[in-house]
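Asks: sequence below, structure please.
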Amino acid sequence: MLDLELLRSFVSVVEAGGFTRAGERVHRTQSTVSQQIKRLEEDVGQVLLHRDGKDVRPTEAGERLLSYARRLLTLAEEARDVLREPDSEGAIRLGIPEDFAAYRLAKLLGAFSRSHPGLRMDVRADQSKNLSRDLERGELDLALFKREAGAKGAIAVWPERVHWVTSKSHPVDVNASSVPLIGFPLGCLYRAGAIHALESAGRAWHMSYSSSSLAGIQAAVAAGMGLSILSEMSIQSDHRVLTAKDGFEPINRTEVALMASPGASPATLRLADRLAEFCDNVQAKAA
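Replies: Residues are numbered from 1 along each chain as shown. Predicted coordinates for the structure are as follows:
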């Protein structure tokens, strides 16, 4: 019999690409996860992972086991869900950034909700500063939000790709005496980064369009009302990316962080695993 906890750690190590990040996902120390992998390798009589310094990748045997491990874990989760009372799972209060809400994440959340009929989902799309604040206040159980790179504390983090953008059809004069900016209201990480970058370069700026709606900002950029900073997943076909050749250096690095409240429920941690897998896939496709 294969131990599901060992399989869970194995899948986490492969998906996270290392023992430290995998330990954060399964809420175990790095040494514990390493011991679990050794036990699993002893159980199956095969070396499952190539270990090359910090880089970890599956062997041929590991790749064969990986698909079975994922199916077994999914089946075990479904079995637990079926045996639970319909009203025993409570609720999950989840906060996500608006661009993630528009980027296929709704499908993931819908599938998770259908597989947990006794769970009530309360999902809110908002600015990252509000999501971080509400998680700290205990008003959210789980949050995916953006922050400056290098901050401490998270289940998992991913570097974010952001770019200066203008309209493809109606580009803004990048040499204008005052740069017109489009952005979210005061407190937005991108807005602060854009202003800091311009002022560091000694350039004047003014807000030409401010909106709490991502769709509104995307439309304003496409219409040529100004420049903005957008995540890679939010850039549309009628936008043009500006580079250092246009006089716009990259802004300070940002990252996407996944955090749960202290004492998060098992259902919340399962959803966190699904969100982490989603973000890993987004990163892999963008690489």
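Asks: and the helices in this structure, which stretches?
Replies: 4-16, 19-26, 30-44, 60-83, 98-100, 106-115, 128-136, 189-200, 214-222, 266-286 (DSSP state H).
Asks: against which helices or strands is the helix or strand of the chain with the lowest mean pLDDT packed?
Replies: When the helices and strands of the chain are compared on mean pLDDT, DSSP states H and E, helix 19-26 comes out lowest with a mean of 76. Helix 19-26 sits against helix 4-16, helix 30-44, strand 156-160, helix 266-286, with contacts defined as 3 or more CB pairs under 8 Å, 6 or more residues apart in numbering; DSSP states H and E. For the C-beta atoms, the positions are set from N, CA and C on the backbone; glycine is no exception.
Asks: run the last query once more with 7 Å
Replies: helix 4-16, helix 30-44, strand 156-160 (3 or more CB pairs under 7 Å, 6 or more residues apart in numbering; DSSP states H and E).
Asks: okay, these, which one's buried deepest?
Replies: helix 4-16 (a mean of 21; mean count of other CB atoms under 10 Å).
Asks: the helices of the chain: lowest mean pLDDT?
Replies: For the helices of the chain, mean pLDDT drops lowest on helix 19-26, to a mean of 76.
Asks: keeping just the C-alphas, turn that one into PDB.
Replies: The C-alpha trace of helix 19-26 is given here as PDB (Å, rounded to 0.1, in the frame of the first residue of the first chain):
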ATOM      1  CA  PHE A  19      12.100  20.500  -0.800                       C
ATOM      2  CA  THR A  20      11.800  23.900   1.000                       C
ATOM      3  CA  ARG A  21       8.800  25.200  -1.000                       C
ATOM      4  CA  ALA A  22       7.200  21.700  -0.900                       C
ATOM      5  CA  GLY A  23       7.500  21.800   2.900                       C
ATOM      6  CA  GLU A  24       5.600  25.100   3.000                       C
ATOM      7  CA  ARG A  25       2.800  23.600   0.900                       C
ATOM      8  CA  VAL A  26       2.400  20.400   3.000                       C
END
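Asks: buried stuff in it?
Replies: Going by neighbour count (16 or more other CB atoms under 10 Å), the buried part of helix 19-26 is 19, 21-26.
Asks: rewinding a little: to Glu77, which of the helices and strands packed on helix 19-26 lies closest?
Replies: helix 4-16 (9.5 Å; CB to CB).
Asks: mind listing residues that contact the closest one?
Replies: 19, 22, 25-26, 28, 33, 36-37, 39-40, 48-49, 56, 58, 66, 69-70, 72-73, 76, 277, 280 (CB atoms under 7 Å, 6 or more residues apart in numbering).
Asks: much appreciated, bye for now.
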